[in-house]
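Quick one, structure for this:
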Amino acid sequence: SNQAAWRKANLACKIAIDNSEKDQLLQGRDSLRQRKTTKESLAESASNITESLMSISRMMSQQVQQSEETVQTLANSSRTILEANEEFKSMSGTIQLGRKLITKYNRRELTDKLLIFLALALFLATVLYILKKRLFPFL
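Next comes the predicted model:
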């Protein structure tokens, strides 16, 4: 875009110079004073063109610098995103392992409760049997 703007400015200045030269030629005045004025105006327009070209060059360098900074920022962001992605992958493996362990512990808790209940029932049955034999031997 800066190059296009530079070309347009350059073309506009050339057209302006050509138009001014055509106007001067059509006026038909060939005096020395007018030639000096024409040379001075040409020199002034050339300096204006040079200044505009220099400003366009400065703007282009600023745009290039901003583009370099943007590319650097994008590279840093990409690297950060890749690191986060790798961390999330490792975390997902850890989370899946934790889920497996929790379901395993839940199953073991259920079987432990069942075994405790059966052991308690066996203990109470044994106590009742012993009490029955001691208190009521004739039954």
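
the helices in this protein, which residues?
Along the chain, counting by DSSP state H, helices occupy 2-27, 32-135.

so what secondary structure elements neighbour the last one?
To tie it back to what came earlier, the one meant is helix 32-135. Other helices and strands packing on helix 32-135, by 3 or more Cβ pairs under 8 Å, 6 or more residues apart in numbering; DSSP states H and E, are helix 2-27. No exception for glycine: its C-beta is placed from N, CA and C like everyone else's.

Check the shortest one too.
When contacts are defined as 3+ Cβ pairs under 8 Å, 6+ apart, helix 2-27 packs onto helix 32-135.

buried residues in stretch 123-133?
By neighbour count with 16 or more other Cβ atoms under 10 Å, stretch 123-133 contains no buried residues.

still on that earlier bit, dump the helices of the chain into TSV; add mean pLDDT as well.
Below are those laid out as TSV (pLDDT from 0 to 100):
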stretch	mean pLDDT
helix 2-27	86
helix 32-135	90
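
Just the CA atoms of stretch 126-136, as PDB, please.
Extracted in PDB, the C-alpha atoms of stretch 126-136 (Å, rounded to 0.1, in the frame of the first residue of the first chain):
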ATOM      1  CA  THR A 126     -21.900 -66.400  65.900                       C
ATOM      2  CA  VAL A 127     -22.700 -64.400  69.000                       C
ATOM      3  CA  LEU A 128     -26.400 -65.300  68.700                       C
ATOM      4  CA  TYR A 129     -25.500 -69.000  68.300                       C
ATOM      5  CA  ILE A 130     -23.200 -68.900  71.300                       C
ATOM      6  CA  LEU A 131     -25.900 -67.100  73.400                       C
ATOM      7  CA  LYS A 132     -28.500 -69.600  72.300                       C
ATOM      8  CA  LYS A 133     -26.300 -72.600  73.300                       C
ATOM      9  CA  ARG A 134     -25.400 -71.100  76.700                       C
ATOM     10  CA  LEU A 135     -28.700 -69.700  77.700                       C
ATOM     11  CA  PHE A 136     -31.000 -72.200  76.100                       C
END
